[in-house]
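S.K.: what's the 3D shape of this:
(2 chains)
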Amino acid sequence: MGAELGKYKQVVAARSADKEILKGAQDGGIVTSLFAYALDEGIIDGAIVAGSYEDDPNVESTASQNHHWRPKPVVVTTKAELLAARGTKYNISPNVSLIKEATRSYGLDKVGIVGTPCQMQAIRKGQLYPFGWRDVESSIALAVGIFCMENFPYQSILQLVEDHAAMKLESVKKMEIGKGKFWVYGKRGQVVQLPLKVTHKYEQPGCHVCMDYVANLADISTGSVGSPDGWSTVFVRSKIGDSVWAKAMAAGVFETQPIEKVKPGLELVSKLANEKITKNRNTLEARKTFGVGKGLRNPFI
Amino acid sequence: MGLLSSVFKKNVSEAPQKPAAPAKAADVVQKVETTNKEVKPVVDKISVGYTHLSGCTGCTVALADNYGGLLTLLDRYVDLKYHLTLADVRHIQKVDVAIVEGSVCIQDKLAVEEIKETREKAAIVVALGGCACYGNITRFSRGGQQNQPAHESYLPIGDLIKVDVYIPGCAPTPQMIRNVCVMAYLLLKGTKEQKELATKFLTPLMNMAAKGTSACFCELMTEVINQGLCMGCGSCAAACPVRAITMEFGKPNGERDLCIKCGACYSQCPRGFFNTDVVSEYEAINEAIMAALQ
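M.R.: As a prediction, this is how the structure comes out:
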């Protein structure tokens, strides 16, 4: 296990000590608990999270478009708003689009943001090269990354759930990718599973050049892989991450277990990270000779 | 045969231009050392000039908005040789780094002379802001404005001279200007490692300068989405100074009539360029920059 897991100071299996957060959490409720704690302690003034179009009174639902499970980046400043945004939506929430606005219209001096590995890359590029992000760089107080193999456009989720799994999006309670399957849980208790193979053609194309599985550039990154059900694997990466995590642990926000003691453990994280990196490196290679004597652009220099 | 050989020759003559970036850095260092010794007893400073053409002074304000940081820059690292507003000296002198704000009005003889003189007297020319890099809002000029109605054609400086570094954006941010100033200093005066880091940091900005003088929202379409690279992070929407970009179903949607052609969106895009080895060291680099300005 090496570079595929990025730099980190420690890695543990963890879950929230708050039963209310765990009830609606995707796994261990790590992101929600971290932000709730950081809000309480004044480490952040607010956080950019993936909320929902359903909760937006300005968006009208029609028969053809009801916006269920369509994420909308929102700035939250209270625990109640945070709780409303719990859970993974499995389609694109452009959280970074609010990074400047959070410091302007919302007036936040210390911003928390959760995002995929590519969004953490965007954040760090923006801190070193702030072409259009005036006064943003020092306002980013906590960036939490989530593990990500690939993402889906909203229309892909619509098609997977309504056409392949034959369920209405509005009747879905939870979606999950794990154990080699895409799982859709209905509100009435029904469960549909799709083989991951079915989902591949619906993936967002831009994900196929990404070389980061475990959000290497986040302050703290987390995901279900590697830990038992109901728990999350947590990497503490930066100085900021280290300090926030230490304070949260001292305050009893999380229960933890050593990652070496849990199944399936870090080996699985490492295996999946390597799979993603190998697959996407091959994609990048293939892009070089995509045409006849001409290739596609490679953004990584 | 003649055609083929002329194409081949052309390729050959263009070829050495490309790897010029790192090599140029070394040239620059040598030039600087010789000029600086005779000019200034404070050998550690680099000399900087600021040419102000057709720009709104917003870039100057952004530079000044570094507040204490600007004073530290001027105290320790930069000898500001000429600057219309901040130094009250406007005649162009020999400098290590010339920063240019604004585009060139080609009907304005003085402006054309000044940009040429700037190039001739500077080792490095930095285009600061959307107007100098890409024309920006001055692209929309149709002339007819009092008291010089014939001043109607504005060109990005790269159309008239060779530019080394771009800092796009309208206005470019104080933090970006600060980072480039510190890196330019390290490039010219730093240790071997610092020079390497500065070169790596500045390379994407040199590549932008080499790429051309045209920018707009369209590059997000042609260079990112059309190339299968967009992953919907929203960096572009956050960077746009005129809120022309919204994210619709996870992809940027540009109100193209609002776009002022400043180049902020595409340069901010992590799929525009992403230099993994530099950005991965964000913590150390940020700390170094902050320490330099303490």
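S.K.: quick check: domain ranges of the chain?
M.R.: Defaulting to chain A. Residue ranges of the domains in chain A are recorded as A:3-148+A:212-288, A:152-202, according to automatic domain parsing.
S.K.: To clarify, I was referring to chain B.
M.R.: B:21-211, B:218-260+B:263-274.
S.K.: Are the shortest one and chain A in contact anywhere?
M.R.: Yes: contact between domain B:218-260+B:263-274 and chain A is present through B:223, B:227-235, B:237-241, B:247, B:249-251, B:263-265, B:267-268, B:270-274 (criterion: C-beta under 8 Å from any C-beta of the partner chain). For the C-beta atoms, the positions are set from N, CA and C on the backbone; glycine is no exception.
S.K.: quick one: which of the domains of chain B has the weakest pLDDT on average?
M.R.: When mean pLDDT is averaged over each of those, domain B:21-211 scores lowest at a mean of 89.
S.K.: What values do phi and psi take at residue A:45?
M.R.: With angles defined as degrees, to the nearest 10, residue A:45 shows backbone torsions of phi -90, psi -20.
S.K.: so what pLDDT did it get?
M.R.: Residue A:45 carries a pLDDT score of 98 in this model.
S.K.: cool, the one 5 residues further on as well?
M.R.: pLDDT, the model's per-residue confidence, is 96 for residue A:50.
S.K.: Using the three-state scheme, assign it.
M.R.: Judged by DSSP: H, G, I helix; E, B strand; the rest coil, the three-state class of residue A:50 is strand.
S.K.: measure it to residue A:171 for me?
M.R.: Note on residue A:50: its distance to residue A:171, by C-beta to C-beta, to the nearest Å, is 20 Å.
S.K.: Neighbour count for those two, which is higher?
M.R.: residue A:50 (23 against 14; other C-beta atoms under 10 Å in any protein chain shown).
S.K.: Tell me which of the domains of chain B sits most buried.
M.R.: Among these, judged by mean count of other C-beta atoms under 10 Å in any protein chain shown, the one packed with the most neighbours on average is domain B:218-260+B:263-274 (a mean of 22).
S.K.: and the end-to-end length of it?
M.R.: The first residue of domain B:218-260+B:263-274 is 19 Å away from its last residue (C-alpha to C-alpha, to the nearest Å).
S.K.: Stretch B:132-142 now?
M.R.: Separation of the first and last residues of stretch B:132-142 by C-alpha to C-alpha is 18 Å.
S.K.: Which parts of chain A are helices?
M.R.: Listed from the start of the chain, chain A has helices (DSSP state H) covering A:19-23, A:30-41, A:79-84, A:117-128, A:154-158, A:196-199, A:239-250, A:266-288.
S.K.: mind listing which of the residues of domain B:218-260+B:263-274 next to chain A are in helices?
M.R.: Among the residues of domain B:218-260+B:263-274 next to chain A, the members found in helices (DSSP H) are B:235, B:237, B:238, B:239, B:264, B:265, B:267, B:268.
S.K.: show me the contacts for residue A:42.
M.R.: Residues in contact with residue A:42 (C-beta atoms under 8 Å, 6 or more residues apart in numbering or on different chains) are residue A:110.
S.K.: From chain B, how far out is it?
M.R.: Between residue A:42 and chain B the distance, using C-beta to the nearest C-beta, to the nearest Å, works out to 22 Å.
S.K.: where's that residue relative to residue A:245, distance?
M.R.: With distances taken as C-beta to C-beta, residue A:42 is found 17 Å from residue A:245.
S.K.: Residue B:202 too?
M.R.: 35 Å.
S.K.: if we can go back for a sec, now the domains of chain A as TSV including distance to residue B:210?
M.R.: Converted to TSV, the domains of chain A look like this (distance: least, C-beta to C-beta, whole Å):
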stretch	distance to residue B:210
domain A:3-148+A:212-288	17
domain A:152-202	34
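S.K.: Could you single out the most deeply buried of those?
M.R.: A comparison of the domains of chain A by mean neighbour count, using mean count of other C-beta under 10 Å, puts domain A:3-148+A:212-288 on top with a mean of 20.
S.K.: Nearest spatial neighbour of the residue nearest the centre of chain A, chain-adjacent residues omitted?
M.R.: Nearest to the geometric centre of chain A sits residue A:146, at 3.6 Å (C-alpha atoms, centre = their mean). Closest residue in space to residue A:146, ignoring its immediate chain neighbours: residue A:223 at 5.6 Å, by C-beta to C-beta, 6 or more residues apart in numbering or on different chains.
S.K.: now swap in residue A:208 and tell me
M.R.: When the adjacent residues along the chain are set aside, residue A:208 lies closest to residue A:283, with 4.7 Å between them (C-beta to C-beta, 6+ apart).
S.K.: Give me the pLDDT value at the one you found.
M.R.: At residue A:283, the pLDDT recorded in the model is 97.
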